[in-house]
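A.B. asks: Quick one: sequence and predicted model below, then my questions.
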Amino acid sequence: MPTPRTTGPHDPAARRRGSPQRAVPPAAGGSLERPPRLLLLDFDRTLADLGSHVAWERAASELVAWYERSGIPRGGTGPGAISLYARMAASNALSPRAREAAQRGAAAILTRYERKALAATRLLPGVGGALATLARAGLLAGVVSSNSRAVVHAILERDGVADGFGALVGREDVRRPKPAPEGLLLACRRLGVAPAESMFAGDNVADMEAARAAGISAVGVLGGDSSGAALRGAGARDLTGSVRELVERMLPP
């Protein structure tokens, strides 16, 4: 699998002039007062339907068993698959070296299940057109996902939209995935854009918490893992039905 690009078709250095200005999210149903220089996007349930095809319950059961073998008692793990992986990344139940080894094994388990869903996964409606609109406007786009970077890149490449993203950050690239801000800040650094000039859209409470911790404006995408009320409570400045709708509001005709 080729390494995903970390720079996009637009030169971020040419966009660093002037003082940073925080991107202002749109009022519900309205247009964006000042579009962000960089739009960061979650992957699953935001750009594609990967999660609909992953056997998450089986993956979670295998993860719990793996963490038990790594020295974490069953009562110390809890539910979920992606969320369990994120909790263990922040856990002090193991030494740093043991935690790192446990996370490598856990990531391999998750990737195996995600790869099985790769062929059935489809981009959500309007994603390609939204990326083309951003490119025509000279704005940058990136992906920050708790899924495998290799799997995400394979889907984006297969569907012909990988070049629309200047940065792709997956769980392989960070020690602590969302809700930690590490991945978002890494994407901003790779593209040379300040967090205050960026926006992040995702469907999960963890996405909103990560954006808030990174100092990035957050928009909640409805129809995914978390309700609109939960997204608002976690820090979403606005809600949208899709990436296509968000970009249309950012860049109205």
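C.D. replies: Structure's in. What do you need?
A.B. asks: Which neighbouring elements make contact with the host helix or strand of residue 135?
C.D. replies: If you go by DSSP states H and E, residue 135 is part of helix 127-136. With contacts taken as 3 or more Cβ pairs under 8 Å, 6 or more residues apart in numbering; DSSP states H and E, helix 127-136 sits against strand 140-144, helix 243-250. Just so you know, the C-beta spots here come from the backbone N, C-alpha and C atoms, and that holds for glycine as well.
A.B. asks: same thing but at 10 Å, please
C.D. replies: strand 38-41, strand 140-144, helix 243-250 (3 or more Cβ pairs under 10 Å, 6 or more residues apart in numbering; DSSP states H and E).
A.B. asks: Take these and lay them out in JSON lines including mean pLDDT and mean neighbour count.
C.D. replies: Listed next are the helices and strands packed on helix 127-136 as JSON lines, based on pLDDT from 0 to 100; neighbours: other Cβ atoms under 10 Å:
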{"stretch": "strand 38-41", "mean pLDDT": "98", "mean neighbour count": "27"}
{"stretch": "strand 140-144", "mean pLDDT": "98", "mean neighbour count": "27"}
{"stretch": "helix 243-250", "mean pLDDT": "96", "mean neighbour count": "22"}
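A.B. asks: picking that back up, and the helix holding residue 135, how far out from the chain middle?
C.D. replies: 18 Å (Cα atoms, centre = their mean, to the nearest Å).
A.B. asks: Pull out the buried residues from it.
C.D. replies: The neighbour-count check on helix 127-136 (16 or more other Cβ atoms under 10 Å) flags 127, 130-131, 133-135 as buried.
A.B. asks: can you tell me which of those lies nearest to residue 198?
C.D. replies: residue 134 (12.8 Å; Cβ to Cβ).
A.B. asks: Quick check: the gap between the spatially closest residue to residue 84 that is not a sequence neighbour and residue 91.
C.D. replies: Spatial nearest neighbour of residue 84, chain neighbours left out: residue 63 (5.5 Å); criterion: Cβ to Cβ, 6 or more residues apart in numbering. According to Cβ to Cβ, to the nearest Å, residue 63 and residue 91 sit 13 Å apart.
A.B. asks: Can you pull the residues that touch both of those two?
C.D. replies: Counting by Cβ atoms under 10 Å, 6 or more residues apart in numbering, the residues touching both residue 63 and residue 91 are 77, 102.
A.B. asks: if you count what's nearby, which of those two comes out ahead?
C.D. replies: residue 63 (25 against 15; other Cβ atoms under 10 Å).
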